[in-house]
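Novice: Curious how this folds, go ahead:
(one chain, ligands or ions: 1)
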Amino acid sequence: MKHLLSIADLDPQEITSILDTAVSMHEVQDRQVKKLPTLRGRTIINFFFEDSTRTRASFEIAGKWMSADTINLTGKGTSVSKGESLRDTVLTIDAMGVDMMIIRHPASGAPAQIADWVDCSIVNAGDGTHEHPSQALLDAYTLRRALGDLAGRHVAIVGDLTHSRVLRSNLLCLRALGAHVTLVAPPTLMPSGVTSWAAADGFDVSYDLDDVLPRVDAVMMLRVQRERMSGGYFPTAREYAVTYGLTPRRLGLLQDHAVICHPGPMNRGLEISADAADAARSLVLDQVSAGVAVRMSILYHLLAGEGDAQ
Ligand code: CP
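Specialist: Alright, predicted model coming up:
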């Protein structure tokens, strides 16, 4: 495996291998001295053309804990702001002999295009509305820790699904692991063509959150991405919170064992209430913690190869 561009490029065995290695990495994370020598001498560039807290910080921590040299770049502080093209910019970085670029970009498909141009490994850290594969892997890891084997488990993915790259990667990942997925959104925020997509890929679609919640093992609330909405089709914030938010009343519809996820950043009071975000069954901070371990595992699989873990 040279690049991580899409969950669609991974088979179930490869997904499971990344999750299993992350279990060992989580043990490293819990140690007092966290450094592994595995990636000593390797150089990783975090190149983020969009803002990030969790993904950028956890990839940087993951690289440092594996002894790689990690450097952070953003579009703003580089010659991109002087008009240099994306191709010239990444070829410039590649010519310095780096081993990996971790790319977040507002354009869907940018990391895959960059992978065609450069020699180093490319990790997609979120591209437009397309995919966010490392998020889906850490979500699967977190759900697997909470629920065990995900085969046959029922996960509802709820929210602004039209604009969500997390949805696309999670749907692929959860289906590959045998989970049953139901998408829930207002009609205006459901991806177009969802009915034929659902028929082809074997998931369910619902517009009624109250009907779905009592039947799920996990509910994944996704952020309302108002920054990606140019039309006037978004329900008002109050309408949205009442009809599709995980309110205190809706918490009572969940089965006792059911858990709550949100990839962050959260709009508290919109898609998720404070009661839900901070509930004992909320895995929001477990997801953040798993992000480091899973990203260590991704770096290991792409840069170290089998049998090199120490
Ligand atoms: N979940 C996620 O991608 O968060 P950041 O935008 O903070 O990286």
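Novice: Would you list the phi and psi of the closest residue to Thr74 other than its chain neighbours?
Specialist: Closest residue to Thr74 apart from its sequence neighbours, by Cβ to Cβ, 6 or more residues apart in numbering: Phe48 at 5.3 Å. Quick note: C-beta positions are derived from backbone N, CA and C, even for glycine. Backbone torsions of Phe48, given as degrees, to the nearest 10, read phi -110, psi 110.
Novice: Could you do the one 4 residues further on as well?
Specialist: Recorded main-chain torsions at Ser52 are phi -160, psi 140, according to degrees, to the nearest 10.
Novice: one step back: I figured the residue nearest to Thr74 hits Asn72, correct?
Specialist: Yes: between Phe48 and Asn72 there is a contact under Cβ atoms under 8 Å: 7.4 Å.
Novice: what residues do those two have in common as contacts?
Specialist: Residues touching both Phe48 and Asn72 (Cβ atoms under 8 Å, 6 or more residues apart in numbering): Arg56.
Novice: Between those two, which has more neighbouring residues?
Specialist: Neighbour tally, Phe48 and Asn72, criterion other Cβ atoms under 10 Å: the higher count belongs to Phe48, 21 against 15.
Novice: and the closest residue to Asp69 other than its chain neighbours, what does it touch?
Specialist: Distances taken as Cβ to Cβ, 6+ apart put Thr43 closest to Asp69, at 4.8 Å, once the chain neighbours are dropped. Going by Cβ under 8 Å, 6+ apart, Thr43 touches 68-71, 96-100.
Novice: May I see the buried residues of stretch 139-148?
Specialist: With burial defined by 16 or more other Cβ atoms under 10 Å, the residues of stretch 139-148 counted as buried are 139-147.
Novice: How about residues contacting that stretch?
Specialist: Taking Cβ under 8 Å, 6+ apart as the rule, stretch 139-148 contacts 15, 19, 22, 150, 153, 155, 166, 170, 173-174, 177, 217-218, 220, 257, 259, 261, 263, 283, 286-287, 290, 293-294.
Novice: next one: that stretch to chain centre, how far?
Specialist: 14 Å (Cα atoms, centre = their mean, to the nearest Å).
Novice: what mean pLDDT does it have?
Specialist: For stretch 139-148, mean pLDDT rounds to 98.
Novice: Where do the strands of the stretch 51-200 of the chain begin and end?
Specialist: Secondary structure of the stretch 51-200 of the chain by DSSP state E, counting those that start in this stretch: the strands cover 69-74, 100-105, 121-127, 154-158, 180-184.
Novice: how about the helices of the stretch 51-200 of the chain, start to end?
Specialist: 54-65, 86-95, 110-117, 133-147, 165-176, 194-201 (DSSP state H, counting those that start in this stretch).
Novice: Mind checking these for the one nearest to Met229?
Specialist: Closest to Met229 of these is helix 165-176 (Cβ to Cβ; 15.0 Å).
Novice: Show me what counts as buried in that closest one.
Specialist: For helix 165-176, the neighbour count (16+ other Cβ under 10 Å) marks 165-176 as buried.
Novice: Check which helices and strands that helix sits against.
Specialist: helix 12-29, helix 133-147, strand 154-158, strand 180-184 (3 or more Cβ pairs under 8 Å, 6 or more residues apart in numbering; DSSP states H and E).
Novice: Could you rerun that using 6 Å?
Specialist: helix 133-147 (3 or more Cβ pairs under 6 Å, 6 or more residues apart in numbering; DSSP states H and E).
Novice: next structured bit after the lowest-mean-pLDDT helix or strand in the chain?
Specialist: Within the chain, confidence by mean pLDDT, DSSP states H and E is lowest for helix 237-244 among all helices and strands, at a mean of 92. Moving toward the C-terminus from helix 237-244, the first helix or strand encountered (DSSP states H and E) is helix 248-251.
Novice: In that next one, which residues are buried?
Specialist: For helix 248-251, a neighbour-count test (16+ other Cβ under 10 Å) marks 250-251 as buried.
Novice: helices and strands around it, which ones?
Specialist: Packing partners of helix 248-251 (3+ Cβ pairs under 6 Å, 6+ apart): none among the helices and strands.
Novice: and if we set it to 10 Å?
Specialist: When contacts are defined as 3 or more Cβ pairs under 10 Å, 6 or more residues apart in numbering; DSSP states H and E, helix 248-251 packs onto helix 209-212, helix 274-277.
Novice: what's the first one in contact with?
Specialist: Contacts of helix 209-212 from elsewhere in the structure, counted by Cβ atoms under 10 Å, 6 or more residues apart in numbering, are 154, 156, 158-159, 182-186, 204, 206, 219, 221, 243-247, 249-250, 253.
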